[in-house]
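>>> no FASTA, just this:
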């Protein structure tokens, strides 16, 4: 989570919403890390989680990240939560809960949907305070 | 929809699940077209819709596809439905309904979620029979 928080801080420094993510292999090896790049890439789907998942699949040469863990500083949105399921990650760990935009513990609660084909194990709230503080600072400055 | 169906057929010929998509600008101009490329790219997020949305954003040089229409041969999954909302498309038109994997009229019904920030107008069932027949033929051959 420390590395994901570093990615989130780096994203903030680039003027991006500060969210960071990484993918760990089954043996704990770091496969990929990314920060939010929506503005840099002019791509509304360039969320940290989706970038890290795609990079990890490139690393492994497979679209199935079986045994892997997605770590994100914020509860993934429905797009990224659904992507994690498509990529077949075994676990999703995240920092701050997102009551407005989250898609796992809030809103559509995707993994609790009866039709969800692959439900990763989920642990939220890891180093929640720091992840949330990063976001608060960012939006405070931007709105200020 | 004819062009999207051609993309779906081309995807089938490449051994991909036959789904095609395209993005039209507000004036009806074709901005991007794509077929499913999950196998070719070894990327579980390389659904036709997400590829077409990203390509359209590159064409316009903007992550906001305001006024644009996403056309897909199959009801978008939750990942692609959420992406269409992130990209701010104005309309989503699709062919076959997908009771198992769809995320708009089935499952999480993302645009009906109270927290959904941008709800495109949706019309489903356009040339539904042909889109569904393509998928049926593909799975019949693959399972046979």
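Okay, I see it. Quick caveat, the model's predicted, so the values are computed rather than measured.
>>> enumerate the residues of chain A near chain B.
A:38-39, A:41-46, A:50, A:53-54, A:57-58, A:61-64, A:77-79, A:81-83, A:86-88, A:100-101, A:103, A:106-110, A:113-117 (CB under 8 Å from any CB of the partner chain). No exception for glycine: its C-beta is placed from N, CA and C like everyone else's.
>>> and if we set it to 7 Å?
Contact residues of chain A with respect to chain B, defined by CB under 7 Å from any CB of the partner chain, are listed as A:38, A:42-45, A:50, A:53-54, A:57, A:61-63, A:77-79, A:82-83, A:86-87, A:100, A:107-108, A:110, A:113, A:115.
>>> any idea which element the residue lying closest to residue A:90 once chain neighbours are set aside lies in?
Once flanking residues are discounted, residue A:90 sits nearest to residue A:67: 5.3 Å by CB to CB, 6 or more residues apart in numbering or on different chains. Under the criterion DSSP states H and E, no helix or strand holds residue A:67.
>>> elements contacting the lowest-mean-pLDDT helix or strand in chain A?
Lowest by mean pLDDT, DSSP states H and E among the helices and strands of chain A is helix A:128-143, with a mean of 88. Contacts defined by 3 or more CB pairs under 7 Å, 6 or more residues apart in numbering or on different chains; DSSP states H and E place helix A:128-143 against helix A:2-13, strand A:69-74, strand A:91-96.
>>> skipping adjacent residues, who's closest to residue A:20 in space?
residue A:7 (2.8 Å).
>>> same thing with residue A:114?
residue B:107 (8.0 Å).
>>> I figured the one you found hits residue B:77, correct?
No: between residue B:107 and residue B:77 no contact is recorded; they are 8.5 Å apart, counting by CB atoms under 7 Å.
>>> that older thread, what pLDDT does the residue nearest to residue A:114 get?
On pLDDT, residue B:107 comes in at 96.
>>> with residue A:144 instead?
Value for residue A:144, per-residue pLDDT: 62.
>>> and the helix or strand encompassing residue A:49, which residues are buried?
Using DSSP H and E, residue A:49 maps to helix A:48-60. Across helix A:48-60, burial judged by 16 or more other CB atoms under 10 Å in any protein chain shown covers A:48-57, A:60.
>>> in CSV: these, plus distance to residue A:129 and pLDDT.
Formatted as CSV, the buried residues of helix A:48-60 follow (distance: CB to CB, whole Å; pLDDT from 0 to 100):
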residue, distance to residue A:129, pLDDT
A:48, 19, 98
A:49, 20, 98
A:50, 25, 98
A:51, 25, 98
A:52, 22, 98
A:53, 26, 98
A:54, 29, 98
A:55, 28, 98
A:56, 27, 98
A:57, 31, 98
A:60, 33, 95
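>>> could you export those to CSV, including columns for distance to residue B:23?
Formatted as CSV, the buried residues of helix A:48-60 follow (distance: CB to CB, whole Å):
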residue, distance to residue B:23
A:48, 24
A:49, 23
A:50, 18
A:51, 21
A:52, 25
A:53, 23
A:54, 20
A:55, 25
A:56, 27
A:57, 24
A:60, 30
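>>> out of residue B:107 and residue B:77, which sits in the more crowded spot?
residue B:77 (29 against 23; other CB atoms under 10 Å in any protein chain shown).
>>> thought the more buried one was touching residue A:85?
No: the pair residue B:77 / residue A:85 is not scored as a contact, 9.5 Å apart, by CB under 7 Å.
>>> distance check, residue A:35 against residue A:74.
12 Å (CB to CB, to the nearest Å).
>>> those two: who's more crowded?
residue A:74 (30 against 27).
>>> ok, now which ones touch the more buried one?
Applying CB atoms under 7 Å, 6 or more residues apart in numbering or on different chains to residue A:74 gives the contacts A:19, A:94-96, A:98, A:131, A:135.
>>> give me the neighbour count for the residue nearest to residue A:90.
13.
>>> tell me the pLDDT at it?
97.
>>> cool, and the one 10 residues further on?
In this prediction, residue A:77 carries a pLDDT score of 98.
>>> hang on, it packs against residue A:103?
Yes: counting by CB under 7 Å, residue A:77 does reach residue A:103; the two are 5.3 Å apart.
>>> could you find the closest non-adjacent residue to residue A:125?
According to CB to CB, 6+ apart, the nearest residue to residue A:125 is residue A:97 (6.5 Å).
>>> measure the one you found to residue B:114 for me?
Taking CB to CB, one finds residue A:97 at 17 Å from residue B:114.
>>> neighbour-wise, which of these two wins?
Shown here are residue A:97 and residue B:114; by other CB under 10 Å, residue A:97 has more neighbours (16 against 5).
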